[in-house]
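**Student:** Based on what follows, work out the 3D shape:
(one chain, ligands or ions: 1)
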Amino acid sequence: MTENNENCETCTHQGTCPSRNSGEAVTCEVDPGSKIKHNIIIASGKGGVGKSTVSVNLARALLLDGFKVGILDADITGPNIPKLLGIEDRSLVLGEEGIRPADAGGIKAASMALVLSSPDSPVVWRGPMKMAAIKQFIQDVDWGELDFLIIDLPPGTSDEPLSVVQLIPDLAGAIIVTTPQEVSLLDSRKAVNMVKTMKLPVIGIIENMAGLMCPHCHQRIDIFQSGGGERMAEEMNVRFLGSIPIDPQVCSLGDAGQTFVEGDTPAADIFRLIVERLKNILR
Ligand SMILES: Nc1ncnc2c1ncn2[C@@H]1O[C@H](COP(=O)(O)OP(=O)(O)OP(=O)(O)O)[C@@H](O)[C@H]1O
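**Tutor:** Prediction:
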């Protein structure tokens, strides 16, 4: 229930709206002028757990379902989204309505990597400059009408991801990606708590790199252990969205700028299930 939004019943943020779920009368912060229905952040406590891989495959799955989708690569110093989308050769250009996002087969994308002169150029910026760049991506990119904007956060819980969360006015919630080993789970707990501290809904946890099917003996090998993501979700009282196995194809397709979600593999099957769960939550 909100004090200034009389359209709760038709609001597209019902699934994750904290005020609606608490039943308390609070001020609705959904921007009525926004042309983006769901801003979703993808976060992780630790680097290299598959956050960007989840972001691009989620975007692709939603696009294949007929939604209008964009990706904002909020990782200013390690921007990998263009590589994973196969659009490293593109650049952001200034249009009449602002910065025009690059097009990756129907997915709109904005990333620092689309501004740099070479993929090997480092961004050696201090915090305020990185924040200015993120602010510009949020405020000046002409996203147009979108059903989903997926925001790939830098890893960790430092002031950078924190500021990104504060800069984006109308967030539907956060998906936390973790791997099953204890060091990753430890950092993921911090990421969940960061999101909760920001009064933002945790949409759910995805466990990535959970077990490898040996192509020779066909037995599952739990290289990084397994089940930790689900246990953590239970302990922290947040949804568990699913467990994606290690699959060499996920890596090789990513390196080639392609997505795995449309494939015929166990990882793709599980990912499609995760996307269905997500759509039900956000409905
Ligand atoms: N399930 C998987 N099976 C095999 N390889 C994977 C899987 N998930 C991700 N990878 C690979 O792991 C590497 C790291 O993934 P990715 O870049 O998505 O992680 P990240 O969390 O976004 O990293 P960063 O912290 O740098 O932003 C990539 O090479 C990717 O292809």
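**Student:** Show me the beta-bridge partners of Gly242.
**Tutor:** Here Gly242 shows beta-bridge partners Ile206, assigned using DSSP bridges.
**Student:** any idea how far it is from the ligand?
**Tutor:** 12 Å (Cβ to the nearest ligand atom, to the nearest Å). In this view, the C-beta of every residue, glycine as well, is placed from N, C-alpha and C.
**Student:** Strands along the stretch 51-200 of the chain, start to end?
**Tutor:** For the stretch 51-200 of the chain, the strands defined by DSSP state E, counting those that start in this stretch occupy 69-73, 93-95, 98-100, 102-104, 107-110, 146-152, 171-178.
**Student:** show me what contacts the most centrally placed residue in the chain?
**Tutor:** Compute the mean C-alpha point of the chain, and by Cα atoms, centre = their mean the closest residue is Ile42, 2.7 Å away. When contacts are counted by Cβ atoms under 8 Å, 6 or more residues apart in numbering, Ile42 touches 51-52, 54-55, 58, 150-153, 174-175, 177.
**Student:** Okay, buried residues for stretch 253-272 please.
**Tutor:** Buried positions in stretch 253-272, judged by neighbour count with 16 or more other Cβ atoms under 10 Å: 253-254, 258-261, 263, 265, 267-268, 270-272.
**Student:** cool, and stretch 230-248?
**Tutor:** 230, 232-233, 238-247.
**Student:** List the ones among the residues you listed that fall in helices.
**Tutor:** Secondary structure from DSSP state H places 230, 232-233 of the buried residues of stretch 230-248 in helices.
**Student:** In CSV: these, plus distance to Leu200.
**Tutor:** Formatted as CSV, those follow (distance: Cβ to Cβ, whole Å):
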residue, distance to Leu200
Glu230, 22
Met232, 18
Ala233, 16
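**Student:** Reformat the contacts of Ile42 as JSON lines; add pLDDT.
**Tutor:** Shown next, in JSON lines, are these (pLDDT from 0 to 100):
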{"residue": "Lys51", "pLDDT": "96"}
{"residue": "Ser52", "pLDDT": "97"}
{"residue": "Val54", "pLDDT": "98"}
{"residue": "Ser55", "pLDDT": "98"}
{"residue": "Leu58", "pLDDT": "98"}
{"residue": "Ile150", "pLDDT": "97"}
{"residue": "Ile151", "pLDDT": "95"}
{"residue": "Asp152", "pLDDT": "95"}
{"residue": "Leu153", "pLDDT": "92"}
{"residue": "Ala174", "pLDDT": "95"}
{"residue": "Ile175", "pLDDT": "96"}
{"residue": "Val177", "pLDDT": "96"}
